[in-house]
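A.B. asks: sequence first, then the predicted structure:
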Amino acid sequence: MAELQNRWYNAVLQNLPAPPSTTQLVQPAPPVELSDTALWTRGNIVPPASLTFNRQRVESTSFFDAYTTVIQELSVPESAFVAAIGLGIHQEWLVYVRGLTPQPDEDRLPDVFYAWAMTHHPDIANEGASALRDIVRLRALQRFLRSYQGPPPKTAEYLGGIRELLSVLRSSSSAMISFDSTTTSGDVSGTWTRGVNKDFSGLWSGADQFDTTTAGFARSVVTVKAELGAYALWAVNPDPRWYDSSQLHVAYTKQTIPPWASNPRLYWDMAFGEKSGRLQRAIASLIVVERLRSVVTSDAVFSPEDQQVIKAKAAAGLWPFFVPTGDGVTNTADFDGGKLRLETTTSTDRPLVIGAHVLPIARYLGASRTPSRGTDRY
């Protein structure tokens, strides 16, 4: 089945087209519920390093949760502010600010400091205000992220919602994916995973790829004609109210104190490390289609018993899209002389996420150099 799945992956790249440097296929692909939350959930994932992401078999980390864990481990210490303005001026500032009535809110402190410093120490006003702003900004972000924990817990928002996506699809072009297993290459060594393609289903959703019925299907000559009534890429952009790319960029590019509050190498590896990091990749965009009609044929001759099994399992969703029956979706399995014909059709108003464009975290953050492992301290 692996060889067939690799060939299908290449067919998708050739027909849509989609770049091998980022494309990941997603299965199963149930219709997206018509809500913003349902759409946001599809992009709020740290995807695995595989050309196929089976959402039923692979437990994924929430991008929001992994990001939040990193941000809560960061710190801009007061000593950074002291280093920017000097110890003597810092003492003067503390006397001044403690005497204010009422006490200014923390988010106003950089502006209050700047006004005070421009009168008494103008040469350090900008540098000091900038250092204080870094402290205040990180603390405010950490407090805001904690508010998502609830009770009740809140959903991580993303820019754009289901109405905008449906509008994009209405104005999008149709597409066709044509596939013949005898003429499509199975070489995926030049892709972003260097050929890793695992955890995918067999002939129906949930079927093991080594199942005997699946194996007979995979060895046969397989064709696919998939008509996509609309095809679009949907950008996955975290809401800037909770997502600060600059903080995450600093965390990725430095294994020092600061920006990490403690044990920088340990926490960096837990976040970004190649072996077990929870935030090694991110989804840049989703591959979304609407009004799908997929017809699959196989020249294998299936036994009456296998035919009954395939028909019984068809409602779970069929290769290669695995869209479960219901919500305007139909799946049929027919046989002519034991030879298989599968057909999947979907309704007009329920988009399907059939794939994503995945970026390594360094590329996602625009980081172009190896993270430093210094011992900087303030």
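C.D. replies: That came through fine.
A.B. asks: now stretch 201-220: buried residues?
C.D. replies: Buried residues in stretch 201-220, counted by 16 or more other C-beta atoms under 10 Å: 201-205, 207, 209, 211, 213-218, 220. Just so you know, the C-beta spots here come from the backbone N, C-alpha and C atoms, and that holds for glycine as well.
A.B. asks: what separates that stretch from the chain centre, distance-wise?
C.D. replies: Chain-centre distance of stretch 201-220: 28 Å, with C-alpha atoms, centre = their mean, to the nearest Å.
A.B. asks: okay, that stretch in CSV with CA atoms only?
C.D. replies: Extracted C-alpha coordinates of stretch 201-220, given in CSV (Å, rounded to 0.1, in the frame of the first residue of the first chain):
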residue,chain,number,x,y,z
SER,A,201,-5.2,3.9,6.0
GLY,A,202,-5.8,1.0,3.7
LEU,A,203,-8.7,0.7,1.2
TRP,A,204,-11.3,2.2,3.6
SER,A,205,-10.9,4.5,6.6
GLY,A,206,-9.5,2.6,9.5
ALA,A,207,-8.3,-0.3,7.4
ASP,A,208,-4.7,-1.4,8.1
GLN,A,209,-2.4,-0.8,5.2
PHE,A,210,-1.3,-4.5,5.4
ASP,A,211,-4.9,-5.9,5.4
THR,A,212,-5.2,-8.7,2.8
THR,A,213,-8.0,-7.0,1.0
THR,A,214,-6.1,-3.7,0.9
ALA,A,215,-3.0,-5.5,-0.3
GLY,A,216,-4.8,-7.0,-3.3
PHE,A,217,-6.1,-3.6,-4.1
ALA,A,218,-2.7,-2.0,-3.8
ARG,A,219,-1.1,-4.6,-6.1
SER,A,220,-3.6,-4.0,-8.9
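A.B. asks: flag every buried residue along stretch 150-159.
C.D. replies: For stretch 150-159, by 16+ other C-beta under 10 Å, it's Ala156, Glu157, Tyr158.
A.B. asks: stretch 12-28 now?
C.D. replies: 12-13, 15-16, 18, 20, 22-28.
A.B. asks: averaged pLDDT, stretch 231-243. What do you get?
C.D. replies: Taken as a whole, stretch 231-243 has a mean pLDDT of 98.
A.B. asks: who touches it?
C.D. replies: Contact with stretch 231-243 is made by 16, 39, 43, 63-64, 67, 141, 144-145, 148, 156-160, 165, 168-169, 172-175, 282-289, 356-357, as judged by C-beta atoms under 8 Å, 6 or more residues apart in numbering.
A.B. asks: now the strands for this protein?
C.D. replies: Per DSSP state E, the chain carries strands over the ranges 23-27, 52-54, 175-180, 222-235, 281-301, 330-336, 339-345, 352-360.
A.B. asks: pull out the buried residues from the longest one.
C.D. replies: Along strand 281-301, the positions that meet the burial threshold by neighbour count (16+ other C-beta under 10 Å) are 281-292, 294, 296-298, 300.
A.B. asks: I'd like the distance from stretch 130-150 to the chain centre, please.
C.D. replies: 24 Å.
A.B. asks: OK, contacts around Met1?
C.D. replies: Contacts of Met1 by C-beta under 8 Å, 6+ apart are Phe200, Gly202, Gln209, Phe210, Thr214, Ala215, Ala218.
A.B. asks: how near is the closest residue to it other than its chain neighbours to Lys225?
C.D. replies: The shortest distance from Met1 to any non-neighbouring residue, by C-beta to C-beta, 6 or more residues apart in numbering, is to Gln209 (3.9 Å). Gln209 sits 23 Å away from Lys225, going by C-beta to C-beta, to the nearest Å.
A.B. asks: re the thing from before, phi, psi of the residue nearest to Met1?
C.D. replies: phi -70, psi -20 (degrees, to the nearest 10).
A.B. asks: quickly note the distance from it to Asn44.
C.D. replies: In terms of C-beta to C-beta, Gln209 sits 27 Å off from Asn44.
A.B. asks: and what of Ser246?
C.D. replies: 20 Å.
A.B. asks: neighbour count: these two, which is higher?
C.D. replies: Asn44 (23 against 9; other C-beta atoms under 10 Å).
A.B. asks: that one contacts Ser62, correct?
C.D. replies: Yes - Asn44 lies in contact with Ser62 (C-beta atoms under 8 Å); the separation is 5.6 Å.
A.B. asks: find residues that contact each of the two.
C.D. replies: Contacts common to Asn44 and Ser62, judged by C-beta under 8 Å, 6+ apart, are Ala156.
A.B. asks: tell me how far Ala251 lies from Ala367.
C.D. replies: Taking C-beta to C-beta, one finds Ala251 at 10 Å from Ala367.
A.B. asks: these two: who's more crowded?
C.D. replies: Set Ala251 next to Ala367 and count neighbours by other C-beta under 10 Å: Ala251 wins out with 25 against 17.
A.B. asks: hmm, the more buried one is touching Gln72, no?
C.D. replies: No - counting by C-beta under 8 Å, Ala251 does not reach Gln72; the two are 10.8 Å apart.
A.B. asks: is the most centrally placed residue in the chain bridged to anything, and to what?
C.D. replies: In the chain, the residue lying closest to the centroid (C-alpha atoms, centre = their mean) is Ile283, at 3.0 Å. Beta-bridge pairing for Ile283 (DSSP bridges): Val358.
A.B. asks: right, and it touches Gly43 too?
C.D. replies: Yes - counting by C-beta under 8 Å, Gly43 is a contact partner of Ile283 at 5.1 Å.
A.B. asks: between the two, what contacts are shared?
C.D. replies: Counting by C-beta under 8 Å, 6+ apart, the residues touching both Ile283 and Gly43 are Phe63, Val236, Ala356.
A.B. asks: please give me every residue in contact with the first one.
C.D. replies: Going back to what we said before, that points to Phe63. Applying C-beta under 8 Å, 6+ apart, the residues near Phe63 are Gly43, Asn44, Ile45, Val46, Ala156, Pro238, Leu279, Ala282, Ile283.
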